[in-house]
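Engineer: Would you be able to build a 3D model of this:
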Amino acid sequence: VVVDGQSYVVRDPFPNNQVPIRSSVARRVLDFIPKGTIPGLDEDNLVGITGQPQRDHIIWSLKVDHNFSPKSHLSSSFNYMYSHKINGADPFGMASAARDQTITSKVFRLNHDYTFGTSGINHFTFGLLRYQNPDGVPYKGFDPEKELGLKGVMLKGWFPNFSFGLSSIGTNQLKHLYHTVPTITDSFSKVKGSHTFKFGAEYRKALANFFGANGAYGYLTFNDAQTALPYISTDSAIYSKIGSEFASFLLGTVGSASMNSDVSLAYRSSDWTFYAQDDFKVTPRLTVNYGLRYDLHIPLSEKYDRISSFVPDLPNPGAGNRPGALGFLGNGAGRVGRRSWLDTDYKGFGPRVGAAFKMSDKTVFRGGFGVVYGRLEVNTFDPIQSTGSGSVTTSYPAIDPVTQYVFLLDDGFPPVNVRPPVLDPTLLNNQGI
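Structural biologist: Okay, the predicted model is just below:
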């Protein structure tokens, strides 16, 4: 049609106003949607699973003590926690987005105390924490190409995610965290005259292994635009009232799509602590304590340098080598020559001083001052930025202004020829910061 000298595409109504199922993939997806449970309704006639998920808990502990001699005492304990629940239950069976979350925590501690005469004691502890938290759709052995005819999915075993207005169906989350923390501590106390000397050290190692595949199974979204009239797309008052997301799905015209490579990250960090302290009983009424603590926090790194970040002074070849580009940890070509984005602080000396003065049998004044150095905590349950070095997001062509779709469902996802690492400093150009 020509309006004011401008040519526009006009779509004709389907015969009998009935949208045909042109996509063989869409037809197979419909087989995974249960029949309606309330007859006589045109929409929302499937009663799904509702309510809060049921959670199962199991907690138990075991403790053992043994005296080798009056001077040597050993104790150990083991604590176990199990928690299970289903998140986001729905009635879609093989295409369900229900996430099986089984959290387990195992904590083992071994303590040994040894006394030296009547004035000294040494306390040693070894601890081990093992924590596991999966929160994703369980593996189902589903092959999208074999079962649906959908080609190009990066990660098989799960049902792809389809969103078509009336509902969405398929996998929507897949991630798993394993956290292991071994700890070794030792402290020695000695009373000598009016002094009580204390010395100690601690070492802690944190190993967090993360697996995530959100989007590796493929996201497909169908919008109104694919069955609306393109020439009125600028008139939001009309455009939003025509077209049908579900009709676009039946025709197999994809409005938007995304697919990311799966992510495996192995975070590492460690802490060293040393201290010395003296409690000095100056008089029966006055006690002064003073000491020095040294903390060395080795910042978070990734075992294979699969963390990337914005570097403000890195030349960006996609912006005329202006400063500001995506940098990649590690050594070698295309990398920044370091293992962590944080510098190690070797100046963590923390002095402590305090005093207690007994005014009377009922009144004691206490005061103190200390400098504390803590670790910068990082959330490792969700993946830290790993674009390029650990993961790649697939980019698809811009939507066709005439057809209003990016590709046809039956053609499958466009081929993905890129796998990490892709050490391209321009990968996140044109993004907000």
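
Engineer: And P415, which helix or strand is it part of?
Structural biologist: In this structure, P415 sits in neither a helix nor a strand according to DSSP states H and E.

Engineer: Could you do V364 as well?
Structural biologist: V364 belongs to strand 363-370, assigned by DSSP H and E.

Engineer: roughly how far is that strand from the heart of the chain?
Structural biologist: When distances are taken as C-alpha atoms, centre = their mean, to the nearest Å, strand 363-370 is centred 43 Å away from the chain's centroid.

Engineer: helices or strands up against whatever helix or strand comes next after it?
Structural biologist: Tracing the chain C-terminally past strand 363-370 and defining elements by DSSP H and E, one meets strand 407-408 next. Here strand 407-408 touches strand 253-254, going by 3 or more C-beta pairs under 8 Å, 6 or more residues apart in numbering; DSSP states H and E. Where you see a C-beta, it was placed from the backbone N, CA and C, and this is true even at glycine.

Engineer: List the contacts of whatever helix or strand I86 lives in.
Structural biologist: Using DSSP H and E, I86 sits within strand 72-87. For strand 72-87, contacts defined as C-beta atoms under 8 Å, 6 or more residues apart in numbering pick out 53-68, 98-114, 135.

Engineer: coming back round to it: elements contacting the strand holding V364?
Structural biologist: strand 349-360.

Engineer: Compute the inter-axis angle for the strand it packs on and strand 363-370.
Structural biologist: 170 degrees (axes from the mean of the first three to the mean of the last three C-alpha atoms, to 10 degrees).

Engineer: Mind giving me the packing neighbours of strand 349-360?
Structural biologist: For strand 349-360, the packing partners by 3+ C-beta pairs under 8 Å, 6+ apart are strand 286-302, strand 363-370.

Engineer: Please enumerate the helices of this protein.
Structural biologist: Ranges of helices in the chain, per DSSP state H, are 24-30, 144-147, 236-239, 245-251.

Engineer: Take the ones you listed and write them to JSON lines, including distance to D305, mean pLDDT and mean neighbour count.
Structural biologist: Output for the helices of the chain, formatted as JSON lines (distance: least, C-beta to C-beta, whole Å; pLDDT from 0 to 100; neighbours: other C-beta atoms under 10 Å):
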{"stretch": "helix 24-30", "distance to D305": "39", "mean pLDDT": "96", "mean neighbour count": "18"}
{"stretch": "helix 144-147", "distance to D305": "32", "mean pLDDT": "96", "mean neighbour count": "16"}
{"stretch": "helix 236-239", "distance to D305": "47", "mean pLDDT": "60", "mean neighbour count": "11"}
{"stretch": "helix 245-251", "distance to D305": "42", "mean pLDDT": "93", "mean neighbour count": "22"}
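
Engineer: right, and these - which one's nearest G390?
Structural biologist: helix 144-147 (24.1 Å; C-beta to C-beta).

Engineer: how long is stretch 342-356 end to end?
Structural biologist: 40 Å (C-alpha to C-alpha, to the nearest Å).

Engineer: Please read the previous query as pertaining to stretch 336-350.
Structural biologist: 32 Å.

Engineer: Now do that stretch: distance to the chain's middle.
Structural biologist: 24 Å.

Engineer: Contacts for that stretch, please.
Structural biologist: Here stretch 336-350 has contacts from 292-301, 305, 307, 309, 311, 314, 327-331, 370-373, 376, using C-beta under 8 Å, 6+ apart.

Engineer: unless I'm mixing things up, G330 is touching D305, no?
Structural biologist: Yes - using C-beta atoms under 8 Å, G330 is in contact with D305, at 3.3 Å.

Engineer: Common neighbours of these two, please.
Structural biologist: Joint contacts of G330 and D305 (C-beta under 8 Å, 6+ apart) are R339, S389.

Engineer: For the strand holding V364, buried residues please.
Structural biologist: Judged by neighbour count (16 or more other C-beta atoms under 10 Å), strand 363-370 contains no buried residues.

Engineer: So what are the sheet partners of it and their directions?
Structural biologist: strand 349-360 (antiparallel) (DSSP bridges).

Engineer: ok so, going back, I33 is nearest to which of the helices and strands packed on strand 349-360?
Structural biologist: Across the helices and strands packed on strand 349-360, closest to I33 is strand 286-302 (C-beta to C-beta), at 41.0 Å.

Engineer: Give me the angle between that closest one and strand 363-370.
Structural biologist: Going by the same axes, to 10 degrees, strand 286-302 makes 30 degrees with strand 363-370.

Engineer: counting contacts, what elements does strand 286-302 pack onto?
Structural biologist: Using 3+ C-beta pairs under 8 Å, 6+ apart, strand 286-302 sits against strand 263-281, strand 349-360.

Engineer: Now do it, average pLDDT.
Structural biologist: Strand 286-302 carries an average pLDDT of 96.

Engineer: buried residues in it?
Structural biologist: Neighbour counts over strand 286-302 (16+ other C-beta under 10 Å) mark 287, 289, 291, 293-302 as buried.

Engineer: With stretch 266-281 instead?
Structural biologist: With burial defined by 16+ other C-beta under 10 Å, the residues of stretch 266-281 counted as buried are Y267, R268, S269, S270, D271, T273, Y275, Q277, D278, D279.

Engineer: Turn the helices and strands packed on strand 286-302 into JSON lines, columns for distance to L342 and mean pLDDT.
Structural biologist: Listed next are the helices and strands packed on strand 286-302 as JSON lines, based on distance: least, C-beta to C-beta, whole Å; pLDDT from 0 to 100:
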{"stretch": "strand 263-281", "distance to L342": "10", "mean pLDDT": "95"}
{"stretch": "strand 349-360", "distance to L342": "19", "mean pLDDT": "96"}
